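Peer 1: Sharing a model prediction with you, sequence too.
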Amino acid sequence: MVARYIEIKNSIRSDILQKKYLIGDKIPSERDLAKRYNVTRVTLQKAMLALEQDGFIEKIHGKGMFVAKVAEDNVFMLNNHPGDSILGFSREFNQQGNVSSQIIAQQILPAPQAIAQHLDMTPGDSVHFIRRLRCIDNTPVLIEDSWIICAVIDAIPVAVLQQGSLYQYIEQKTAKKIKFYNSVIESDLFDEEFSALLQIPTGRPMLKVTGVTKLEDGTIFNYSCSYNRADMFKIKNNWVST
């Protein structure tokens, strides 16, 4: 069951995308919106915070909430949900649409030297290599490669990769939160192989995100590379002067 604040967030998001609120328009006050949706101010504030984190609105102190320029396109924000755990794709986007995955490859293999270096492990030790096509509302949006250390996670069920959250499974299996993710973002173009999987023309722009993920005790377990459609994703950085 979808949380009420998510329903409100999606309703306002839809109004923005359908141009009921234009870029720069002031959004009704929290009090008015809470009355409109028949919820408490606390619930409404959670919805507005989620919209702000997704880049659809911005709050200006003393003036109110306004539609942000970043909302011009129907896009998703990468790595944009702070919390007590790294979410992973499935948990991060499951409130924004129907998330599904198609396994392209899944095998255990000796870690190549370059991968072993990222994972701080001995080359030749076993890793899970997983390639998945990730979709939102049945639209292919990215391809994700993962190399997961077998000594940390010995087995990964197919059902988890297809229908569940891999990161949630890892947290349950290790009884530890996934706390750290260091990434590098680069631009590139999709080649014929990836374009065919994503059902887009060859040469379309890509946001390539590579990173290492660690458990809360500092244990490295995953090196990943996601190849994201640049027409479907944007990255927003929040910086506050102190």
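Peer 2: Here it is on my side, so go on.
Peer 1: Could you use CA atoms for every contact and neighbour count after this?
Peer 2: Noted.
Peer 1: domains of this structure?
Peer 2: Using automatic domain parsing, the domains assigned to the chain come out as 4-72, 76-234.
Peer 1: In TSV, list these along with mean neighbour count and mean pLDDT.
Peer 2: Formatted as TSV, the domains of the chain follow (neighbours: other C-alpha atoms under 10 Å; pLDDT from 0 to 100):
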stretch	mean neighbour count	mean pLDDT
domain 4-72	17	86
domain 76-234	17	85
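Peer 1: Please name the nearest non-neighbouring residue to residue 194.
Peer 2: residue 143 (7.6 Å; C-alpha to C-alpha, 6 or more residues apart in numbering).
Peer 1: Report the secondary structure state of residue 171.
Peer 2: helix (DSSP: H, G, I helix; E, B strand; the rest coil).
Peer 1: Could you check how far it is from residue 102?
Peer 2: Distance, residue 171 to residue 102, by C-alpha to C-alpha, to the nearest Å: 22 Å.
Peer 1: residue contacts, the residue lying closest to residue 178 once chain neighbours are set aside?
Peer 2: Nearest non-adjacent residue to residue 178, counting by C-alpha to C-alpha, 6+ apart: residue 215, 4.3 Å away. Counting by C-alpha atoms under 8 Å, 6 or more residues apart in numbering, residue 215 touches 176, 177, 178, 179, 180, 221.
Peer 1: Hmm, residue 210 and residue 223 touching each other?
Peer 2: Yes. Counting by C-alpha atoms under 8 Å, residue 223 does reach residue 210; the two are 7.5 Å apart.
Peer 1: between these two, what contacts are shared?
Peer 2: With C-alpha under 8 Å, 6+ apart, residue 223 and residue 210 have no common neighbours.
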